[in-house]
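S.K.: here is my input, please return the structure:
(chains A and B)
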Amino acid sequence: MMSRHWSAWLQATPLACVLGVFLLLPMVVLVVVSFYDYDSVQVIPAFVLTNYQEALGSAVTWRIYVNTLRYTLIVWAITVTLGFGVAYVLAFEIRNRTAQTMLFLVCTVPFLTSNIIRMISWIPFLGREGLLNTALQRAGLIDVPLEFLLFSDFAVILAYVHLYTLFMITPIFNAMMRIDRGLIEAAIDGGARFRQVISQVILPLCKPGIAIGSIFVVTMVMGDFITVRFMSGGQSASVGLMISNQISLLQYPAACANAVILLAVVLMMIAAITRIIDIRKEL
Amino acid sequence: MRMPGKATMGLGRRGLLAAAGVAAGSGAITGFPTIWAQNIKNVTLRQFGTGVSNLNAIADKVKADLGFTLSMTALDSDAVTQKAVTQPKSFDIADIEYWICKKVYPTGTLQPMEVKRIKYFDKIVPTFTSGRLTPTTPIAQGTAPHTVSFVDSPTAKTFAAGQTGWMTLIPTIYNADTLGIRPDLVGRPITHWKDLMDPAFKGKASILNIPSIGIMDAAMVMESMGRIKYADKGNMTKPEIDKTIGFLIEAKKAGQFRAFWKTFDESVNLMAAGEVIIQSMWSPAVAAVRSKGIPCVYQPLAEGYRAWGGGLGIARHLSGLERDAAYEYINWYLSGWVGAYLNRQGYYSAVLETSKQHMSADEWGFWMEGKPAKADILSPEGKVMEKAGAVRDGGSFQERMGAVACWNSVMTEDRYMVQKWNEFIAA
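M.R.: Numbers count the residues shown, from 1 in each chain, chains lettered A, B, ... in the order given. The predicted model follows:
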């Protein structure tokens, strides 16, 4: 008994060490530094609340949070719809196992290149003299280039959807593959129409997948800074961008305070998601 | 120095290596200058700075001419400031801008250089020593280099009012910045900074999103429009900052700006793709747009230029042979080869006389005197930069550097300004 007890501790040690050093410790540092003071070149160890006061007391912070949450909500709504649709086709419409695997791999092909390259490649496509505008103009569909395509909220959301939909597809697809096909047949035999099968059988059984996908998308969009910077041409701000600006200006304590606030907000969002859907129970 | 020997007997390989490492790190070289002096080849100087002057060609030439190794690290200006302050032992030579020097020098991580050991001190362009290019040039606003160039003693942490025997930075590279335009698309002559806000260029203008520099460009625009008269653009008061940022937000909401750029290549792409036709720009970015065959002009404006400059400083920890090598490097830097190299890129060098000796009469005429090029003008890498017959935008060195309205700077209200700038970007 004693030895089993010890072996369990031993088995947990490597992971505990890794998490301790690479997750817990940095978090502690983050929180500690968020109470430090700073001037234009250095961080001054102290215990001040000014970083939080400045962050929470500024209308800019609130506006940036509202903007970030807006992006998150829109991107979440689009990716969940797309993700569900694509996963449905993959899981139920494609009967052939090989074709299914192949098509799923096709979904992941864009991920063979880096995130940033996939994002930046939109810029020459959407620009004022970009491929899309040129094509539309040559086809005689428009006279003046569509300017909203680039350096706008549209561009930001488009890039997010492109980057993150797969993170929705994968867990939902996974959840769908676990659904007992007999249940669907039973529903159809019981007289359920297509829409009812989706909304009353498949959707409820996909909830854990949707929850996992949502956690991915929400955390990634909430913390993003590079997509917003490039796709909005610096015109829009997000919380991550605000933090990155502060870091580049050496305002580490302010950045830490904002990071702590962001962390709290994201954790609350994840708590809300897991409250609605018990991922553990349904896995 | 007995330790390593002792360690050999008692410890295994690991212990020996560790002990040897300690010996090497503890100043084995600087401890014996007389023995090692002939062996300057063993010295490695670690230089870091912004990309503009951290050129591998320079490191190669140092190796060839002086024999020692110069290792270079290029960072952006924020990272440079940070490294200079927080990691004082991680570098030997700091290649920093004057406004960064204003922030960094008082923290004590750099040591001043003895003016009498700088061979070409008397030939340095007077902008850096007296603030005046010619005796009649007015002193520009902002962090003018001469205000942060001298200290009273090696231990002083505040800048001296005038010239002394101790210099904080030896100037290396500088330039006068203005707006870049697409002459084919603006459709009219651009003459003033206020043209950036012309409603005709709505959605086609850009300003750079580096707060300390962007605010200066905005200030040039504001003054040009007659909206405000700053006591010192480079050191605004809170109400002045409020007014400037308020104006920028207004313009942003009205859709004047297409984008804001942060890096060199972003500015090139905005201009080359026709997204933007008038914007804040840096001189090599204009050259980069032109090299794609797209017309782009670095437009001189009536109110003058916003200038920037950088220089080399020596780390506080440097002493003995390494410091000698640093002085040797700095004297070499001013002796002409590098100056010519920088001039050929469209920047300016600190000692014109020596640079001239390393440039052809045609090159000198084009870059420095504003004369039409007689033959194609080549970059230091041998690429054609300008065709024969071209004239440099803005003309001669005297015309450009003599019309500097302000220098890149760091303000007393820096923190407040940055907060307000973030409001502008978030607006």
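S.K.: interface residues of the stretch 151-283 of chain A facing chain B?
M.R.: Near chain B, the residues belonging to the stretch 151-283 of chain A are A:151, A:229, A:232-237, A:241-242, A:245, A:248-251 when assessed by Cβ under 8 Å from any Cβ of the partner chain. In short, each C-beta sits where N, CA and C put it, glycine included.
S.K.: equivalent analysis for the stretch 1-150 of chain A, please.
M.R.: A:39-42, A:54, A:58, A:60, A:63-64, A:67, A:123-124, A:127-130, A:147, A:150.
S.K.: separate out the buried members of those.
M.R.: By neighbour count, with 16 or more other Cβ atoms under 10 Å in any protein chain shown, the residues of the stretch 1-150 of chain A next to chain B hold A:S40, A:V41, A:E54, A:V60, A:I64, A:N67, A:I123, A:G127, A:R128, A:G130, A:E147, A:L150 as buried.
S.K.: show me the contacts for the fourth one.
M.R.: Contacts of A:V60 were listed using Cβ atoms under 8 Å, 6 or more residues apart in numbering or on different chains, and they are B:Q419, B:N422, B:E423, B:A426.
S.K.: that one belongs to a helix?
M.R.: Yes - under DSSP: H, G, I helix; E, B strand; the rest coil, A:V60 falls within a helix.
S.K.: quick check: PyMOL command selecting the buried ones in the contacts of A:V60.
M.R.: The buried residues among those can be selected in PyMOL (16+ other Cβ under 10 Å) with this line:
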select buried, chain B and resi 419+422+423+426
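S.K.: just the contacts of A:V60: which are in helices?
M.R.: If you go by DSSP state H, the contacts of A:V60 have B:Q419, B:N422, B:E423, B:A426 in helices.
S.K.: from chain A, how far out is the first one?
M.R.: So the one you mean is B:Q419. Relative to chain A, B:Q419 is positioned 7 Å away (Cβ to the nearest Cβ, to the nearest Å).
S.K.: need the strands for the stretch 1-150 of chain B, in chain order.
M.R.: B:44-50, B:69-75, B:93-97, B:110-111, B:113-114, B:141-142, B:150-151 (DSSP state E, counting those that start in this stretch).
S.K.: out of these, which gets nearest to chain A?
M.R.: Closest to chain A of the strands of the stretch 1-150 of chain B, according to Cβ to the nearest Cβ: strand B:69-75, at 11.1 Å.
S.K.: what bridges to the residue of chain B found nearest chain A?
M.R.: With Cβ to the nearest Cβ, the shortest gap between chain B and chain A falls at B:A259, namely 2.6 Å. Counting by DSSP bridges, B:A259 forms beta bridges with B:S206.
S.K.: quick one: contacts for it?
M.R.: Contact analysis of B:A259 by Cβ under 8 Å, 6+ apart lists A:F151, A:S232, A:G233, A:G234, A:Q235, B:S206, B:E266, B:L270, B:E275, B:V276.
S.K.: could you list the low-confidence segments of chain A?
M.R.: Within chain A, the stretches with pLDDT under 70 are A:1-4, A:40-41, A:281-283.
S.K.: which among the residues of the stretch 151-283 of chain A next to chain B end up buried?
M.R.: Applying 16+ other Cβ under 10 Å to those flags A:151, A:229, A:232-237, A:241-242, A:245, A:248-251 as buried.
S.K.: wouldn't A:T79 be in contact with A:V218 here?
M.R.: No - with contacts counted by Cβ atoms under 8 Å, A:T79 stays clear of A:V218, the gap being 10.0 Å.
S.K.: who has more neighbours out of these two?
M.R.: It is A:T79, of A:T79 and A:V218, that has more neighbours when counted by other Cβ atoms under 10 Å in any protein chain shown, with 26 against 22.
S.K.: distance of B:V351 relative to A:N115?
M.R.: Remark: distance between B:V351 and A:N115 (Cβ to Cβ, to the nearest Å) = 47 Å.
S.K.: show me which of the two is the more surrounded one.
M.R.: B:V351 (23 against 16).
S.K.: phi, psi of the more buried one?
M.R.: When read as degrees, to the nearest 10, the backbone of B:V351 gives phi -110, psi 100.
S.K.: export the contacts of A:V60 as TSV, with columns for pLDDT.
M.R.: Output for the contacts of A:V60, formatted as TSV (pLDDT from 0 to 100):
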residue	pLDDT
B:Q419	82
B:N422	81
B:E423	84
B:A426	78
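S.K.: quick one: the contacts of A:V60 as TSV, columns for distance to A:A211 too.
M.R.: Output for these, formatted as TSV (distance: Cβ to Cβ, whole Å):
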residue	distance to A:A211
B:Q419	38
B:N422	34
B:E423	36
B:A426	31
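S.K.: and which of the contacts of A:V60 is nearest A:V197?
M.R.: Using Cβ to Cβ, B:A426 is the member of these that sits closest to A:V197, with 45.9 Å.
S.K.: for that closest one, give me its contacts.
M.R.: B:A426 makes contact with A:V60, A:R63, A:I64, A:N67, A:S236, A:A237, A:M242 under the criterion Cβ under 8 Å, 6+ apart.
S.K.: sort out for me which of those residues are in strands.
M.R.: Judged by DSSP state E, these include no members of strands.
S.K.: farthest pair within those residues?
M.R.: A:V60 and A:S236 (12.7 Å).
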